[in-house]
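Chemist: Build me a model:
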Amino acid sequence: VTQNWSDINHPDYADVRGLFADTLTGDLYVLQGYSGTKALVIRHPDGSYSTHQNIGPFPVFKGIRYKGDLFLGGTGGLVKYDSITNNYEWFGNINGQILEMFVKDDKLYIFGAFSKADTVKCESMAVWDGVKWSRIDNYPTSIPEFDLLTIASAVFYKGDLYVGGVLFDQINGGNVSVVRGNGSSFEVVTDSLRGPYDAVNTMLVYNDTLYMGGLFYEAYGAPSNCILAYDGTNFHQLGKGVTNLDLAQVMDLEIWNNQLVMSGNFSSVDNISASRMAIWDGHKWCGFGGVFQVGVEALTVLRDTLFVGGGFNHIDGNPPHNLTKWNGGSYRETCSWPVGVTENVEPKTSLIRVYPNPVVDIVTIDLSGLKQKSNISISLYGIDGKLIKEFNPKNIGATYQISLKGLAMGSYILKIREERNTQVVQFEKI
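Modeler: A predicted model of the protein is given here:
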């Protein structure tokens, strides 16, 4: 449904590798890739554009503001960029590529694949305090346990530094996708993310949960396919994750309207159609509609608007190409069943009936098929998976009735649990 994606084409958009929403100026920085394209296109709040052919670290992957200055990182290292004069200066003498940057505690953190910043030896990560470069906290110059080949993502979570990408375990051998540092040493977060092709491409912290996206599959021992939630101790699945696994991977994560948006190279999530884009509301996945020709690499939110960039030349065979924005439509293609409602499997033989369906005001639950009617709990959900009310009836008989007065017409879900059975029933209120 292309009408939900706005055509904001510009002739210089090509192979978008990153997006930076500059909240200071309101500009959107479109960071680009292949030789022969403009390295940088700036979309201004008034709809005008500035384009720049030669930016030092081309291709450019990341942009960030630090102490009022704009920094751009990419394959060639790091530059400080003046968007007014269109001048840039190399910064930090980084001898490799930068794939991740963030600011924390008034310091600029950089990650990627390099071995020094100015004269400071480092293992693909360094920090600038406004005066000098240094290793991050007290981490040693060389980390003997892991060869940090490429750091694609990094984040602080619950006081520890999490580093993801393509790493190598020099002690035990094999690939490692994510490690955790406590200020003096690193450790493997989980042995389940050590598959032969595993990589954690992106990480994001929201509501005290660490989300990880990348290339990892349950078939190789990962806790889920391409997307995970982590609470500091345990991993949690978000539905079934990505469900087409032919080199599928998640490339970027973003929070938009208090929901998790992911993009990458995939066509289905939780067994529903989701072309390169999907959104998680805490209970279920939904697709955005429209078929992106190839992968979506970058997401950002500027003034409450979701912008999407990548190598795609069309959506549903039509413009836009390489950069688009959600136009405010309410359409969601297909949504999966709410996870919080269906974590228990319905019994093969139904012992509980719900009638009538559709219903006007009173729904009746027939429990006569149950031998025991103690310890029964009943939950009423909206079709979006949000809990409306819970019931814990005492001295229940063969039937139990629930009033639906005051509820809008539409689809609802009842989840009925007793000691040996759980049943989920969807019904319509008219």
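
Chemist: Only C-alpha atoms from now on, for both contacts and neighbour counts.
Modeler: Noted.

Chemist: Point to the residue nearest the middle of this structure.
Modeler: The residue lying closest to the centre of the chain (CA atoms, centre = their mean) is Leu253, at 2.8 Å.

Chemist: For it, give its distance to His236.
Modeler: Computed with CA to CA, to the nearest Å, the distance linking Leu253 and His236 is 17 Å.

Chemist: who are the neighbours in contact with Pro45?
Modeler: 26-27 (CA atoms under 8 Å, 6 or more residues apart in numbering).

Chemist: So it belongs to a helix, correct?
Modeler: No. Using DSSP: H, G, I helix; E, B strand; the rest coil, the secondary structure at Pro45 is coil, not a helix.

Chemist: Distance check, it against Arg303.
Modeler: If you go by CA to CA, the gap between Pro45 and Arg303 works out to 10 Å.

Chemist: shared neighbours of the two, which are they?
Modeler: Common neighbours of Pro45 and Arg303 (CA under 8 Å, 6+ apart) are Gly26.

Chemist: With the flanking residues excluded, which residue is spatially nearest to Lys325?
Modeler: Excluding the flanking residues, the one nearest Lys325 by CA to CA, 6 or more residues apart in numbering is Phe307, at 4.3 Å.

Chemist: Tell me what that neighbour is bridged to.
Modeler: Beta-bridge pairing of Phe307 under DSSP bridges involves Thr300, Lys325.

Chemist: Tell me, how many residues neighbour it?
Modeler: 21 (other CA atoms under 10 Å).

Chemist: Give me the pLDDT for it.
Modeler: Looking at Phe307, its pLDDT is 94.

Chemist: quick one: it and Thr324 touch, right?
Modeler: Yes. At 5.9 Å, Phe307 counts as touching Thr324 under the criterion of CA atoms under 8 Å.

Chemist: The residue nearest to the centre of the chain: which element?
Modeler: Element membership for Leu253, per DSSP states H and E: strand 249-256.

Chemist: Return the distance of the next helix or strand after that strand from the chain's centre.
Modeler: Downstream of strand 249-256, the next assigned helix or strand under DSSP H and E is strand 259-265. Offset of strand 259-265 from its chain centre (CA atoms, centre = their mean, to the nearest Å): 5 Å.

Chemist: Which other helices and strands does the lowest-mean-pLDDT helix or strand in the chain contact?
Modeler: Scoring the helices and strands of the chain by mean pLDDT, DSSP states H and E places strand 422-429 at the bottom, with a mean of 79. Applying 3 or more CA pairs under 8 Å, 6 or more residues apart in numbering; DSSP states H and E, one finds that strand 422-429 contacts strand 410-417.

Chemist: what residues does the strand it packs on touch?
Modeler: Residues contacting strand 410-417 (CA under 8 Å, 6+ apart): 341, 376-383, 422-430.

Chemist: From these, list the buried ones, please.
Modeler: 341, 376-383, 422-424, 426-427, 429 (16 or more other CA atoms under 10 Å).

Chemist: if I look at the residue nearest to Lys325, how far off is Val30?
Modeler: Phe307 is 10 Å from Val30, by CA to CA.

Chemist: Ala152 contacts Gly213, doesn't it?
Modeler: No. In this structure, Ala152 is not within contact of Gly213 by CA under 8 Å, at 11.0 Å.

Chemist: Show me the common contact partners of those two, please.
Modeler: Residues touching both Ala152 and Gly213 by CA under 8 Å, 6+ apart: 200-202.

Chemist: Between those, which sits nearest Gly96?
Modeler: Asn201 (18.1 Å; CA to CA).

Chemist: tell me which element the closest residue in space to Tyr162 that isn't next to it in sequence falls in.
Modeler: Spatial nearest neighbour of Tyr162, excluding adjacent residues (CA to CA, 6+ apart): Arg180 at 4.6 Å. Element membership for Arg180, per DSSP H and E: strand 175-181.

Chemist: Tell me the bridge partners for the closest residue to Asn175 other than its chain neighbours.
Modeler: Once flanking residues are discounted, Asn175 sits nearest to Phe168: 4.9 Å by CA to CA, 6+ apart. Note on Phe168: beta-bridge partners by DSSP bridges are Asp147, Asn175.

Chemist: how near is Phe168 to Thr75?
Modeler: In terms of CA to CA, Phe168 sits 21 Å off from Thr75.

Chemist: Which parts of the stretch 301-430 of the chain are strands?
Modeler: When secondary structure is read from DSSP state E, counting those that start in this stretch, the stretch 301-430 of the chain shows strands at 305-310, 323-326, 353-355, 362-366, 377-382, 387-391, 399-403, 410-417, 422-429.
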